[in-house]
Structures are given as C-alpha cells and as structure tokens.
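**Q** Next input, structure requested:
(chains A and B, ligands or ions: 1)
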Amino acid sequence: MSQNKNSPPRTAPRFSATFDVNTISEIQRAAATGIYDIRGAGTKRKLPHFDDLLFLGASVSRYPLEGYRERCDTDVVLGTRFAKKPIRLKTPVTIAGMSFGALSAQAKEALGRGASAVGTSTTTGDGGMTPEERGHSSTLVYQYLPSRYGMNPDDLRRADAIEVVVGQGAKPGGGGMLLGQKISPRVAKMRNLPEGIDQRSACRHPDWTGPDDLEIKIEELREITNWEKPIYVKVGASRPYYDVSLAVKAGADVIVLDGMQGGTAATQEVFIEHVGLPILSAIRSAVQALQDLGLHRQVQLIVSGGIRSGADMAKALALGADAVAIGTAALIALGDQSPDLAAEYAKLGTVPGAYDDWQEGRDPAGITTQDPELAARLDPILGGRRIANYLSVMTMEAQAIARACGKSHLHNLEPEDLVSLTMEAAAMTKIPLAGTDWYPGKGGF
Amino acid sequence: MSATLEKQVIDLHTSTVRVLNSTLQSEDATGAWTILHPEGRHSLAVGLTAPLDVTIDGQAGYYAAGMNQRANVVIKGNAGPGVAENMMSGSVHVEGNASMAAGATAQGGLLVIDGDAGARCGISMKGVSIVVRGSVGHMSGFMAQSGNLVVCGDAGEALGDSLYEARLFVRGTVKSLGADCEEKKMTDEDLAILKDLLKEAGITDYPAESFRRYGSARRLYNFNVDNASAY
Ligand SMILES: Cc1cc2nc3c(=O)[nH]c(=O)nc-3n(C[C@H](O)[C@H](O)[C@H](O)COP(=O)(O)O)c2cc1C
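**A** Model (predicted):
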C-alpha cells in the first residue's frame, strides 16, 4: 500500500450487476445507431434447462441393461395418426428447419448427408426446397411458412412430410427477416424478390388465422398430397397446453415445440432474450395436453431449443417427447465457433464461442453465408461426416443413459427416471426435487 | 376447349371431396368435368396438374382450386377464403364474389373474379394476375411481390401495404394507400399489360386508360431508422 497519508482509501472500480458490460454496450450501440440489435443464434442468458434434471440410474430396486450386449432400440415412427406414409427414423434426433438463404447450399447439403447417413430427417426452411437438399436427404420435411417463399406444389409432393410453421421458439409471434447481404441472385430468384433488399417475412399465414382455419388448411394440404404425408405443426413455446391442444384438434400428426433457447438466423436481440418459454418449462404441459386428449404417442411430439447432447435428448424423451430436433448444435458440429477461425472472428470483432452475427452473411466457416467464396470453404462431404458423427454420439449417449435406467428402448425412459436439481425445475416439470418426493404445488414435503 | 366431348360429372351428393380430388389429380384424367352440389365444401379441385376444364356448379368453400397447375376452373357461384391460393398456372374464374385472401401467394396463371373480393386480395402474390370486376377489401396486395392486380371497382384501406414489385391497377377510388405504396405513372408497358389482362378477362366495358397504377415506393427495401414507424 503506497497510499499517501492524507488521501483516504478509494473504493475499487465496481461494475454493476444491473448495468453489466453487455447492457452498457447495448445502450451505447442503440444510442449511436438508432436501430435495435439483430443477431443470430438463441438466448444467451442462463435459463432453467435440462442441466437442472438428473437421471437416477438403476440399483437394487431396478436393474440396468448390459452396456454393449443388451439392445437398447432407438427407432421412432412419426405421423401415425392420419398419414398413409408415416416417417420412420433410426434415431429420435432430427435436423430442424433452417432455410437455404440463412445457410449456404453447402451447409444444407452437409446437413442432408449427415442426417441421411444415420437414418434421420432434415428440414427445409423459409425460402423453399433446393434440389441439392432434396437429393442429399433421404427423409426431408418441407416447411410451409407464412411467407410461402419458394412454396411449390411439386416440392410439396416431393417432400416426405410437411411442417406448418406457426412459430419459432426464438421469436414466438414474430416474422422472419433476411438482410440484404444474404439475398444473393439465387436466393432472390427462389423467393421472387429483388436482389439485395432486406427481406421481411410475415408473422401470420396469408390465408388462414386461428385453429378452425388451420384445420381446413391441413385438410387442403392432405388433399393435395393424397393423404400420404405426415403433417407437423411447429409452434414456439408460449402457451404449450392450449397451442398443442388446438393444433391436435386441427388435425396435426406431429407437434414440433421449440423453446426460447432455439436458434434463429436473424432476429431482434430483445425478442430472442425476452419472449417465449424455456423448453424445460414447456414439455410437461405439451405432454399433458396430449394425454388429456388420449393421444400421447399417437400424435408425436418433437421438442427443440438448446438440445446439445444425448443427455438432453434422453431427458426430453423421459419427459414424454418422441424425438428432438437440433439447429445450433448442428451448425457447431459443421464448424461454427471453431477455434481455428479465431483470427477471422477477430476481424469481425468477436471470438470463437460468441460469434452470432449470422445475419450478416460473413461467416468465416462458410455456413451462415451466401458469399460464394466463404461458402466454398465448407466441404459438404466432410461436413456431412461431422454431422453423422455428432448424431451418432448423441444417440450412443442417450442409449448409455437408457441402459443404465434399465430401458430397452429410448422411448421407455419416463419421468420416474428423473429428479430435479432445482426448485424451479421441479415446479416446471413436476419431477420431484432430488432427495425428496416433492415438487412445488404438491402437498406435503 | 375440352379434349373429350363426353361430360364427366362428380356429384357431391353421392361422392366425396376425397374422391373428387383424387379423380381429378389422377394421371388418367382429361377433358371437362362438372362438380355438382359443391354446397360450400372446402378444398374443391385442389392440387390439379393437368389442363382440365373443371366447372364447380355452385358455391365453393375455402381454398377452391388451391395450388392449381394448368387446369381451368370455373366457379359458378361464390368462393370462400383463399380461392386459387398459390396457383402456379392455368386459370380460375369466380362468377360470384370471393372472400378474403383470394389468389394469396399465387405464382402464375389468371384469377378472374366477376363480383367483389374481400380483404387481402392478392396478399403476398408472387407472379399471378388477378382481375376483379368489382371492388377489393382492405389490405389488398399486402406484401405483394410480383404479378398484377387489376381492380375495376374500388379498393379498401391500406392498398398495397409493404408491397414489393407487384403492379396494382385500380379504376375506382382507393380508400387509403398502405405503407410504402404510391401512385405511379402509367407507362406504355403498364398499359400494354393492363390491356392484355382486361382482354383475357373478357372485360370490354372500360378502357385501360381509365385505371390508375400503384406500386412500391421502395422506401422500406432496406431498413432505415427514419422509417421505423412504418415497419
Ligand atoms: C440459422 C438458422 C435458421 C433457421 N431458420 C428457420 C426457418 O427457416 N424456419 C423455422 O421454422 N425455424 C428456423 N430456425 C429455427 C430452427 O428450426 C429450430 O427451431 C432451432 O434452431 C432449434 O433450437 P437450437 O438451435 O437450440 O437447436 C432456424 C435456426 C437457425 C439456427
């Protein structure tokens, strides 16, 4: 301490928890530009999540299955309710809808290759179906979105399933956008728009509103495709009990429920961080809705939003989902956030692990871009291999957990296999707090 | 003109919409078809792919002739919401009125409505031509991307809101223009397109010169903070 006797001790610089570094920089940015922040990826703040649940494993009261010898099956059939041709997947993890436009053609192809290699499906996105992704995806789900960009009845018939998109977890109630930098000539042509403009997509469908109309719309889609294709309805998690009930009443074969952690290609930061429910809090009421209708497991439930591993997948299935979908994790598996790109991320003012300006189209990994030079960096064959590896690891991880719980199929995982680590998780999932048989709302302790 | 002279009939008093659509979608279907007793049923004659001549003898519900490719469909009555939605080619002719979202997102072909059309006529249209003899409701041409919307009567509030490159022609009054829609000079090219469309729709009562032309002011094409209230 070399303090002068006459000057009193000073407090060390102290940062505010309320006005933290990100908050301050956001206020400064807003004041300088006059426009809200738009970015890609999902919620970045900490939220109740699958980490707040644990599996119990087997012991004396339950016995486990032998790791490498006893079977633990993973297959799932989607669309058994009305479709003549349900979808059969070898593993209950699918690739979520991400548009060509948001992603490069190479990235779409890699996702198709990887998913096909492990026997699962991939999904188109806002902007229509490319021949590359159709060609490289053995099972392809075709999204039917409010914008109807690239919507074509021939593609509808070429698809293996149809996903009516009502909303997305990152922005329930919001439309889409694709900034001008990504509206390349090919993207513009597919969407029937001028090149280089900031493309807005509507938040509501142009020719139906509400569940009664949706029922008629689903019937039209079935009539056009000879009642062959499973029809999914995708909703962002906001009022899952009612949204699931109404979508089922409208005739959905499969519900896709996307939590607020779910990634996006470009959305207002304020929307990503402040609208919607974390997926952990939405699954139970979605499952309850299906059970109340007597249709749990007959109308399948796919959940997404921050799924990262076989553990997340196993927990979602134990809570009652039939499958999960991944977006962000698949992009990371392709090479997004790679430490090898540190120097290039630095040029964009960021670091590996934090890159989220996917809307700008300058992705050094060649994934979220339409720049031909950047996109050419991604080798779709190698990328496909990485996706296949990652999906296989997720599946094996989930199997390891299921066997430890004594389950011969991933779908035999059940709420009983879980405990909650936090009061919040216990309240949201009705899974008892670890060490108790209690969850908030249940009498006694 | 139909390839076969024999009249093929599907009567919805004795048959179903499923049979109707699978029959008309079948590769063997040719010629002219009449659908009796439609009685407002939904999804009539949807997903057609062959150049059939289909007459719906009465009122149609939602999405009549939805996603049409190559067929020529005549509705001898009123049509519900989303008539000819996402049509790719061919033609749809409504002899009565059409409800909301007529021709929504349609990419090609010709939709003619003899009566009035409800709200959001031509919403998100992507290349279709729509000719309405009567008037259109509010928000018509919302986010219209390309194609032509011809209105012989009046247009409701917020015509052409957030529109892209579609051409809008209105003969009567426009209650109000939507965000980023403005009146444009009628060019020779516009006039030629309009004349052709009126001719194709069989409208001889008014000259093309009596219409006004509206289009995008293109002020919302790239986000600008000074226009924030329009988004
Ligand atoms: C780059 C990108 C583009 C996306 N595009 C679409 C889209 O076109 N349609 C859609 O319904 N969801 C879209 N999503 C959301 C995903 O389908 C999915 O809901 C989400 O990624 C799941 O959460 P996760 O990213 O945490 O796995 C997109 C997500 C990303 C990351």
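**Q** need the contact list for the closest residue to residue B:216 other than its chain neighbours.
**A** Nearest non-adjacent residue to residue B:216, counting by CB to CB, 6 or more residues apart in numbering or on different chains: residue B:163, 4.8 Å away. Where you see a C-beta, it was placed from the backbone N, CA and C, and this is true even at glycine. With contacts taken as CB atoms under 8 Å, 6 or more residues apart in numbering or on different chains, residue B:163 has the following neighbours: B:141, B:142, B:143, B:144, B:178, B:180, B:181, B:215, B:216.
**Q** What about those, which are in strands?
**A** B:181, B:215, B:216 (DSSP state E).
**Q** how about the nearest residue to residue 176, chain neighbours excluded?
**A** This is for chain A. Excluding its sequence neighbours, the residue lying closest to residue A:176 (CB to CB, 6+ apart) is residue A:201, at 3.5 Å.
**Q** my bad, chain B
**A** residue B:157 (4.9 Å).
**Q** is stretch A:140-148 up against chain B anywhere?
**A** Yes. Stretch A:140-148 is in contact with chain B by CB under 8 Å from any CB of the partner chain, via A:147, A:148.
**Q** Between the two ends of that stretch, what distance do you get?
**A** 17 Å (CA to CA, to the nearest Å).
**Q** Also stretch A:400-415?
**A** Terminal-residue distance, stretch A:400-415 (CA to CA): 17 Å.
**Q** Over it, what's the mean pLDDT, rounded is fine.
**A** Averaged across stretch A:400-415, pLDDT comes to 97.
**Q** now stretch A:79-99
**A** The model assigns stretch A:79-99 a mean pLDDT of 97.
**Q** in it, what counts as buried?
**A** For stretch A:79-99, a neighbour-count test (16 or more other CB atoms under 10 Å in any protein chain shown) marks A:79, A:81-83, A:86-87, A:89, A:91-99 as buried.
**Q** Find the least confident helix or strand in chain A, judged by mean pLDDT.
**A** strand A:176-178 (a mean of 80; mean pLDDT, DSSP states H and E).
**Q** The closest residue to residue A:114 other than its chain neighbours: what's it in contact with?
**A** Nearest residue to residue A:114 in three dimensions, chain neighbours excluded: residue A:387, at 2.4 Å (CB to CB, 6+ apart). By CB under 8 Å, 6+ apart, residue A:387 lies in contact with A:95, A:110, A:111, A:113, A:114, A:115, A:117, A:330, A:333, A:334.
**Q** likewise residue A:260?
**A** Shown in contact with residue A:260 (CB under 8 Å, 6+ apart): A:42-43, A:47, A:169-170, A:172, A:236-237, A:272, A:275-279, A:305.
**Q** can we see that at 10 Å?
**A** With contact taken as CB atoms under 10 Å, 6 or more residues apart in numbering or on different chains, residue A:260 is in contact with A:42-43, A:45, A:47, A:168-172, A:236-238, A:271-279, A:281-282, A:305-306.
**Q** Confirm that it sits in a strand.
**A** No. Going by DSSP: H, G, I helix; E, B strand; the rest coil, the assignment for residue A:260 is coil, not a strand.
**Q** now it: how far from residue B:200?
**A** 50 Å (CB to CB, to the nearest Å).
**Q** Look at residue A:395 and say how many residues are nearby.
**A** Residue A:395 has 22 neighbouring residues, counting by other CB atoms under 10 Å in any protein chain shown.
**Q** What is the subsequent helix or strand relative to the helix or strand where it lies?
**A** Using DSSP states H and E, the element containing residue A:395 is helix A:380-404. Remark: after helix A:380-404, the chain's next helix or strand is strand A:418-420, criterion DSSP H and E.
**Q** Quick check: what element follows that next one along the chain?
**A** Counting by DSSP H and E, the element after strand A:418-420 in chain order, helix or strand, is helix A:423-429.
**Q** Quick one: mean pLDDT for that next one?
**A** Regarding helix A:423-429, the rounded mean pLDDT is 97.
**Q** circling back: considering only the buried residues of stretch A:79-99, which also neighbour the ligand?
**A** Checking the buried residues of stretch A:79-99 against the ligand by CB under 6 Å from any ligand atom, the ones in range are A:96, A:97, A:98, A:99.
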